[in-house]
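S.K.: only geometry, no sequence info:
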């Protein structure tokens, strides 16, 4: 087995042992957004499957279930006797809808809130005060703010860091314009890292290595590419080197970058995926994780 790995990826036996045993790198890395595009899994089934995975080895890799705030009351009907940890998605126009009684729903634990900038929030920064007020009201709930590329500035990320929030950034979707350019993505990563601002990503990250979707023709980022680019930037290397990593198709340099000693997860906390099994399987295909780490 290890001879095959070394031949395939050019890694030493010791390096492979380190990586295959280091499942902690991907602990709670894959947030479950099954109800969203392109999976659109019905709510009751999404909750049932999320709970079912908690009894399998893959549970260590799976984060919260991502749900629209408006679905939380319905979700409470499907939890049975189990507690469901969720991240509630709302927009800046709907901040007033986050009522305190949502925190009293039976068996619903709102671990985080994900706020998307819409409408007037795209042209002024009054939303910063609203977000800070929300954080003060719900101190046990982490807040992520989804910001488009043009608004991810050094000033904005510093303010988010100061109030204790995190950045959510979109890396794909159902339209071409929702995919940032590689350079834009690297610049956003560097801006967040420079400010010590944690971030999560959403959409388009189905596989470890970048790939082109056969149906849409769109080039998707690889989450392992991004993780390696983050490690590269945290090591003090420039955007050019990170861009090279981001656009690479060979797993070996990416895995080498992740072993640099830089804790990339301090920056890159998680990403949302509607099928948590698919990205995990691509790590198995690369021998980054063992089959038994994920599947019974």
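M.R.: It's in. None of the values given here were measured: they were computed from a predicted structure.
S.K.: for the residue nearest to residue 37 when sequence neighbours are not counted, grab the count of nearby residues.
M.R.: Leaving aside its chain neighbours, residue 37 sits nearest to residue 174 (5.5 Å; criterion: C-beta to C-beta, 6 or more residues apart in numbering). Every C-beta, even on glycine, is put in place using the N, C-alpha and C of the backbone. Neighbourhood size, residue 174 [other C-beta atoms under 10 Å]: 11.
S.K.: do a quick rundown of the strands in the stretch 151-296 of the chain.
M.R.: Listed in chain order, the strands of the stretch 151-296 of the chain (DSSP state E, counting those that start in this stretch) span 166-170, 199-202, 211-212, 219-220, 268-273.
S.K.: strand partners (parallel or antiparallel) of the longest one?
M.R.: I take that to be strand 268-273. Note on strand 268-273: by DSSP bridges, its sheet partners are strand 30-32 (parallel), strand 199-202 (parallel).
S.K.: would you turn those into JSON lines with mean pLDDT?
M.R.: Formatted as JSON lines, those follow (pLDDT from 0 to 100):
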{"stretch": "strand 30-32", "mean pLDDT": "99"}
{"stretch": "strand 199-202", "mean pLDDT": "99"}
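S.K.: out of the strands of the stretch 151-296 of the chain, which is closest to residue 28?
M.R.: For these, proximity to residue 28 was assessed by C-beta to C-beta; strand 268-273 is nearest, at 6.6 Å.
S.K.: centre of the chain to that closest one, how far?
M.R.: When C-alpha coordinates are averaged (C-alpha atoms, centre = their mean, to the nearest Å), strand 268-273 and its chain have centres 1 Å apart.
S.K.: what does the average pLDDT come to for it?
M.R.: On average, the pLDDT along strand 268-273 is 99.
S.K.: now what about that strand, what contacts it?
M.R.: 28-33, 36, 63, 66, 166, 171, 198-203, 205-206, 223, 226-227, 230, 279 (C-beta atoms under 8 Å, 6 or more residues apart in numbering).
S.K.: how many residues are close by the nearest residue to residue 213 once chain neighbours are set aside?
M.R.: Leaving aside its sequence neighbours, residue 213 sits nearest to residue 220 (C-beta to C-beta, 6+ apart; 6.2 Å). Per other C-beta under 10 Å, the neighbour tally for residue 220 reads 20.
S.K.: ok, residue 187 next?
M.R.: 17.
S.K.: do I have it right that it meets residue 242?
M.R.: No. Contact status for residue 187 versus residue 242: not in contact, 9.5 Å apart, counting by C-beta atoms under 8 Å.
S.K.: can you give me the strands in the stretch 1-150 of the chain?
M.R.: Counting by DSSP E, counting those that start in this stretch, the strands of the stretch 1-150 of the chain are 30-32, 62-68, 84-91, 108-116, 142-146.
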